[in-house]
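Engineer: Build me a model:
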Amino acid sequence: MKLKNIFMVVVSVLCAHITYSQEGLPIYTDYLTDNYYLIHPSMAGIANCSKVRLTARQQWFGHEDAPKLLTLSMNGRIGDSPSAIGGILYTDKNGYHSQTGAYATYAHHLMFSRSETDLNMLSFGLSAGFIQYKLDETSFLFDGPDPIIDGVVQNETNFNIDLGFSYHFLDFYVHGTIKNVLENAGINKDRNITSNLRRYLFSVGNVFSKYGSEWSYEPSVMLQYRDETKEASIDVNGKVYKQMDFGSLWGGLSYRNSFDGAEYTQGATVNSQRLQQITPILGVNYKEFMFAYNYTYQSNSVVFANGGFHQLTLGYNFNCRRVRYDCNCPAVN
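Structural biologist: As a prediction, the model looks like this:
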C-alpha cells in the first residue's frame, strides 16, 4: 500500500467519526427529512399517517469503496389504538467493512390532554433486531503469518435492542434513546473494541409560527454520546416550512460538531482538529409523497474529501387520518 493511501486511511479514521463500521445504523442528518423514527423508536406511529421512507447516501463520489448507506423504514399505528409498529432494513458499506441490519419496533403513545385538540403525549418505543457484520480480508496484503489478518471474509450476526421515549407538548418535543443496549462480540479479534456499541441520543426542539401564517420555524438540537469511547457530538439544526396548496416546501441547515479532537502533524508542528460538518437540506411534501435532498460539507483542514456527501430521501404516506391536534407539529400532524 502506498504511503499516500495509508495517509488517506488514517485521516478518514480520525476525521470521519460518523462513518465507523460495526456501530449499527449510522446516524447522519436523514432524521431531519421527516424521519425521526430512524433514530428514535418511540416515534413509530406518532404521525396521523403511516409512513414509508427510503434513503440513499453516497460519500466521496469518485473514490473506490467509499461509504454508502441504504435504509428502508415503515411505521404506523395499529388501527385506532395507542400502539404502533415499525420496521427498518438497512445496508451500510465502508471499505472492507459492511453491515446489514433489520429491526422491528413496538411503540405506545399515552395522551395526557383532555381532548385531542391540545397535544400532550408521552411515547415509549422498543426496537429489536439483528445485524450481520462482514470484514473482507481477502485483498489484504501481508508477508507471512499474521495473528490479526486471516485473509478470509469474517462475518458475525448479533442481536441488539434500542429503547427510548418521546414527549410532545403543543409545539415542543423532546426525545431520548439508548441504541445498542446489549453487548456483543462483533467480528474484531479485540473484543474490547466492538463489544460495547452503546450510544445515547437526546433531541429537543420547538416549532414557532405566528397565528394564521403559512411560515413556521423549527430550531432543534441533538446530542450523541458513545459509551465505550466517551466521544460526544452535537447537531444544531434549523428548519423553515412554507405551507402550500399541494402540501409544503421546507428547507434547513444542520451543523455537526464533535467535542473530541484528533491530532495530526503538519511539518514539525502537531495540530488538532474536531469533526465539523455543515449540511443544507431541501424537501417537499406533495400530497402523500415526500422528497428530500441534503449535501454535507466537511470543513476540517485535513480530510479525505471536503464534499461529496449526497443523500436522497423518498417518502410515501398512507392510511392517513384527520389532522387532530391544534399545533405546529409537522412530525405529528
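Engineer: For the protein, which segments count as strands?
Structural biologist: With strands called from DSSP state E, the chain shows them at 50-58, 68-77, 83-94, 97-111, 120-136, 153-169, 172-179, 199-206, 215-226, 232-243, 247-266, 269-286, 289-298, 309-318.
Engineer: Same question for stretch 283-291: list its buried residues.
Structural biologist: Across stretch 283-291, burial judged by 16 or more other CB atoms under 10 Å covers 283, 284, 285, 290. C-betas here are computed from N, CA, C, even on glycine.
Engineer: Let me see the contact set for the first one.
Structural biologist: Same thing as residue 283. Counting by CB atoms under 8 Å, 6 or more residues apart in numbering, residue 283 touches 33, 34, 249, 250, 251, 290, 291, 292, 293, 313.
Engineer: how does it look with 6 Å?
Structural biologist: By CB atoms under 6 Å, 6 or more residues apart in numbering, the residues touching residue 283 are 33, 250, 292.
Engineer: Could you do the second one as well?
Structural biologist: Neighbour list for residue 284: 249, 291 [criterion: CB under 6 Å, 6+ apart].
Engineer: ok, now how distant is it from residue 206?
Structural biologist: 23 Å (CB to CB, to the nearest Å).
Engineer: Lowest-scoring secondary structure element of this structure by mean pLDDT?
Structural biologist: None of the helices or strands of the chain scores lower by mean pLDDT, DSSP states H and E than helix 3-15, at a mean of 38.
Engineer: Return the residues in contact with residue 76.
Structural biologist: 45, 50.
Engineer: where's it relative to residue 126, distance?
Structural biologist: According to CB to CB, residue 76 stands 16 Å off from residue 126.
Engineer: And for residue 286?
Structural biologist: Residue 286 sits 33 Å away from residue 126, taking CB to CB as the criterion.
Engineer: Export the strands of the chain to JSON lines and append columns for distance to residue 328.
Structural biologist: Formatted as JSON lines, the strands of the chain follow (distance: least, CB to CB, whole Å):
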{"stretch": "strand 50-58", "distance to residue 328": "19"}
{"stretch": "strand 68-77", "distance to residue 328": "21"}
{"stretch": "strand 83-94", "distance to residue 328": "22"}
{"stretch": "strand 97-111", "distance to residue 328": "19"}
{"stretch": "strand 120-136", "distance to residue 328": "15"}
{"stretch": "strand 153-169", "distance to residue 328": "11"}
{"stretch": "strand 172-179", "distance to residue 328": "10"}
{"stretch": "strand 199-206", "distance to residue 328": "9"}
{"stretch": "strand 215-226", "distance to residue 328": "5"}
{"stretch": "strand 232-243", "distance to residue 328": "8"}
{"stretch": "strand 247-266", "distance to residue 328": "12"}
{"stretch": "strand 269-286", "distance to residue 328": "15"}
{"stretch": "strand 289-298", "distance to residue 328": "18"}
{"stretch": "strand 309-318", "distance to residue 328": "18"}
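Engineer: Which of these sits closest to residue 38?
Structural biologist: strand 68-77 (5.6 Å; CB to CB).
Engineer: Okay, angle between that closest one and strand 309-318 too, please.
Structural biologist: With axes from the mean of the first three to the mean of the last three CA atoms, to 10 degrees defining the directions, strand 68-77 sits at 20 degrees from strand 309-318.
Engineer: residues near residue 57, how many?
Structural biologist: By other CB atoms under 10 Å, the residues close to residue 57 number 21.
Engineer: likewise residue 237?
Structural biologist: Look at residue 237: counted by other CB under 10 Å, it has 21 neighbours.
Engineer: Good, we can wrap up now.
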